[in-house]
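Trainee: I would like to see how this sequence folds:
(one chain, ligands or ions: 1)
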Amino acid sequence: MKVDVILTAGEIKAEKIKDKIVVIIDVLRATSVMVTAIANGAKAIYPYKDIESVLENCKKSNSYVLGGERKGLKIEGFDFGNSPLEYTKEMVNGKDVFMTTSNGTRAIESSANGSKKLFIACFLNIESVVNKLIEENQDTVIICSGTNDEFSLDDALCAGEIVRRLAEKVKDIKLSDISLGVKIIAENSKGIENTLTGSKHFEYLKSIGFYGDMNHCFSVDKFDIVPEYKDGVIKN
Ligand code: MLT
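Mentor: As a prediction, the model looks like this:
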């Protein structure tokens, strides 16, 4: 199994993901929201790059909520922002979630064509993702969504932890230099929050009042699910 890592949504290229198993990470906070919503009973998640597509496509569902953010904040007229704590059982059970975020949903849409399978990952479901990748046993590309086309340490740390766990369990694994790099970050991490303190998006979310999300987003292996994106929809 070869494992490569892409560090931002802007660096996704068709030839890099062609026929590969793809894992999308946006720890803060899009994939943490998706995993939480599915774990809390959301029927499906429909991710889009832009607000117009959300508003247009939600008309096809008879039971839905709209979620997402721009600059980290709820979009006008939407039901929820991008805090995973909003996507409780009470709010999403049995419903479709139509969402758009600045980086995470863009990374998903950009990887849809050409990849073999596409899984959604964050710290909340990391061990289940690792086990799924071992089961698939094929060349894998882990995509860090990043923030506005810049490297984001939260995603790299999570990617590194996936690589670290894979390398422990898979004998004939071949790691690209970026995979090795993020694995070293994970091996040297002294706790998620400690590692991320001072990093740009973590500090930004804190500054706009979302420190409360961190405890949830940094809970490791809270959910035993591996949502998959197929034909425009994310389901477990
Ligand atoms: C994104 O997709 O850019 C993020 O999830 C932004 C956020 O933290 O809400």
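Trainee: any part of the helix or strand hosting Leu166 near the ligand?
Mentor: For Leu166, the host element (DSSP states H and E) is helix 153-169. No - Helix 153-169 lies out of reach of the ligand by Cβ under 6 Å from any ligand atom, never closer than 9.2 Å. Yep, even glycine has a C-beta here, placed from its N, CA and C like the rest.
Trainee: get me the contact residues on the chain for the ligand.
Mentor: Going by Cβ under 6 Å from any ligand atom, the residues of the chain near the ligand are 26, 28-30, 69, 72, 82, 101-104, 145, 205.
Trainee: distance of Ser179 from the ligand?
Mentor: 23 Å (Cβ to the nearest ligand atom, to the nearest Å).
Trainee: what is the helix or strand where that residue lies packed up against?
Mentor: In this assignment (DSSP H and E), Ser179 forms part of helix 177-187. Using 3 or more Cβ pairs under 8 Å, 6 or more residues apart in numbering; DSSP states H and E, the elements in contact with helix 177-187 are strand 2-6, helix 153-169.
Trainee: can I get these in JSON lines with mean neighbour count?
Mentor: Formatted as JSON lines, the helices and strands packed on helix 177-187 follow (neighbours: other Cβ atoms under 10 Å):
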{"stretch": "strand 2-6", "mean neighbour count": "22"}
{"stretch": "helix 153-169", "mean neighbour count": "23"}
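Trainee: in this protein, which spans are strands?
Mentor: 2-6, 21-25, 44-48, 64-70, 73-74, 96-100, 117-121, 140-144, 174-175, 228-230, 233-235 (DSSP state E).
Trainee: redo the ones you listed as a markdown table? Include mean pLDDT.
Mentor: A markdown table is the format used below for the strands of the chain (pLDDT from 0 to 100):
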| stretch | mean pLDDT |
| --- | --- |
| strand 2-6 | 98 |
| strand 21-25 | 98 |
| strand 44-48 | 97 |
| strand 64-70 | 97 |
| strand 73-74 | 97 |
| strand 96-100 | 98 |
| strand 117-121 | 98 |
| strand 140-144 | 98 |
| strand 174-175 | 98 |
| strand 228-230 | 97 |
| strand 233-235 | 97 |
